[in-house]
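1. Dropping the sequence and predicted coords here.
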Amino acid sequence: MFQQPLDPLAGVRVLDLSRYLPGPWLTRVLRDLGAEVIKVEPPGGDGLRYLPPHRDGMGTAFAALNAGKRSVVVDLKKAEGQALLLELVGEADVLVESFRPGKLASLGLDPEVLIEAHSRLIVCSVSGYGQHSLRAGHDLDYVARAGVLGLFGPKDRPPVVPGVQIADMSGALHAAIGILGALMEREKTGRGRWLDVSLTRSAVPFAIMALAGQVAGRGEGMLTGGAPGNRVYVTADGQHMAFAALEVPFFQAFCTRVERNDLAHFSPWDPVLGPSLEALFAEKTRAEWVALLEGLDVCCEPLVTTEAALADPEVAAVHDHRGGFRVLRSHVGGAPAPAAGPPPKLGEHSVEVARELAPNSVEAALAAGALS
């Protein structure tokens, strides 16, 4: 269906000063849309390089987020390093950074000054609470402040810690949307802009149904576990099935298939159904439930591992192997841009990139040890 690669950002150069998860995933998305991404790292490298598990001396999480990028090590604490980066900025379309607010300016790289000097530059700052706040935080803090964490889990227990980084990943995607919009705007105006992306604000839309009055408190509403027709049930072998037959036709079709017409006259959100459905799902193994419901429209699916999801042809997640690492490709509705190389070794492209894009600063930076 989608044979032609989707690479609208071919020719766009991105300088990525970010680390860990949100910024690097953001620039991975841009890379999968065809952009050239140059990862600017401090002398010690992105800390994610060292997070286990490792493969051939590199953290697998770092590899997953940074495949296809080029790595340049610049010491921004040295004047020669700042001069080198300033020259690189002059050759870039987009600068992504995730320092604490004000840090970039303290290094002599104030975003507003950069844009004033390079009018077409787009700077995207990604932080926990936006450029107005110096608060430290991590994903769990952001979803708590966003009004999202309180919707997870049963009503009589503390909220459940999500198994994925909601704000980090949502923030990355919101930032990518902002950058794409700024690139389109630049085509009309000829000018870039400074984008201030808050991970916390990026998480708020996950609570949009609650804000619209469609979700009650944790474990009480139709979409938060209060409705028996929208819950996770334990099977006979200790596995789980996700049952989301919220509409009456789906629920009645389920009751017919399992020969429980005595339940069919209830609505799927009637609390009285809970014990009956718990007992019913406990009668069969997960595999038996999958086989029994095969081909039936009832909105009931098995909980599987991420490994199983990658192997599922209907999920059709695109991933490949680069440099011995398995790398998930961005899902953008079309074939991603051609894969480009393995994850970079620390400083693998420092001299190459500096000589190519910052010829006036490279020798001084090398002599001062600001480029390595």
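-> Perfect, I can see it now.
2. which sections of the stretch 201-350 of the chain are below the confidence cut-off?
-> Across the stretch 201-350 of the chain, the ranges flagged by pLDDT under 70 are 214-216, 318-326, 336, 338-340.
3. ranges for the helices of it?
-> For the stretch 201-350 of the chain, the helices defined by DSSP state H, counting those that start in this stretch occupy 208-211, 248-257, 274-281, 286-293, 306-311, 350-357.
4. Among the ones you listed, which comes closest to residue 76?
-> helix 350-357 (13.6 Å; Cβ to Cβ). From N, CA and C alone the C-beta is placed, and that goes for glycine too.
5. Tell me the helices and strands packed up against the closest one.
-> In terms of contacts (3 or more Cβ pairs under 8 Å, 6 or more residues apart in numbering; DSSP states H and E), helix 350-357 is packed against strand 70-73, helix 79-89, helix 362-368.
6. Now do it and helix 79-89, the angle between them.
-> Helix 350-357 runs at 50 degrees relative to helix 79-89, counting by axes from the mean of the first three to the mean of the last three Cα atoms, to 10 degrees.
7. tell me which element the closest residue to residue 16 other than its chain neighbours is part of?
-> Leaving aside its sequence neighbours, residue 16 sits nearest to residue 27 (Cβ to Cβ, 6 or more residues apart in numbering; 4.3 Å). Using DSSP states H and E, residue 27 sits within helix 22-32.
8. same question, residue 40
-> Using DSSP H and E, residue 40 maps to strand 36-41.
9. After that strand, heading C-terminal, what element do we hit next?
-> Following strand 36-41 in sequence order, the next helix or strand is strand 54-55 (DSSP H and E).
10. average pLDDT for the next helix or strand along the chain from that following strand?
-> Reading on from strand 54-55 to the C-terminus, the next helix or strand found by DSSP H and E is strand 58-59. In this model, strand 58-59 has a mean pLDDT of 91.
11. Report the distance from the helix or strand just after strand 58-59 to the chain centre.
-> Where DSSP H and E defines the elements, the next helix or strand beyond strand 58-59 is helix 60-66. Relative to its chain's centre, helix 60-66 lies at 13 Å (Cα atoms, centre = their mean, to the nearest Å).
12. Same question for stretch 125-136.
-> With Cα atoms, centre = their mean, you get 18 Å for stretch 125-136.
13. And stretch 156-166, by the same measure?
-> 17 Å.
14. Contacts for stretch 164-178, please.
-> Residues from elsewhere that reach stretch 164-178, judged by Cβ atoms under 8 Å, 6 or more residues apart in numbering: 21-23, 25-26, 29-30, 96, 124, 126, 139, 142-143, 146, 148, 195, 197-200, 202-203, 205-206.
15. Could you rerun that using 6 Å?
-> Contact partners of stretch 164-178, identified using Cβ atoms under 6 Å, 6 or more residues apart in numbering, comprise 21-22, 25-26, 29, 124, 126, 139, 142-143, 195, 197, 199, 202-203.
16. Nearest to residue 290, out of the helices and strands packed on helix 350-357?
-> Nearest of those (Cβ to Cβ): strand 70-73, 44.3 Å.
17. which strands and helices sit next to the strand holding residue 40?
-> strand 13-16, strand 70-73 (3 or more Cβ pairs under 6 Å, 6 or more residues apart in numbering; DSSP states H and E).
18. how about 10 Å then?
-> Strand 36-41 sits against strand 13-16, helix 22-32, helix 60-66, strand 70-73, helix 79-89, strand 94-97, helix 350-357, with contacts defined as 3 or more Cβ pairs under 10 Å, 6 or more residues apart in numbering; DSSP states H and E.
19. In CSV, list those along with mean neighbour count and distance to residue 258.
-> CSV is the format used below for these (neighbours: other Cβ atoms under 10 Å; distance: least, Cβ to Cβ, whole Å):
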stretch, mean neighbour count, distance to residue 258
strand 13-16, 24, 52
helix 22-32, 27, 41
helix 60-66, 23, 41
strand 70-73, 22, 56
helix 79-89, 21, 63
strand 94-97, 26, 51
helix 350-357, 17, 62
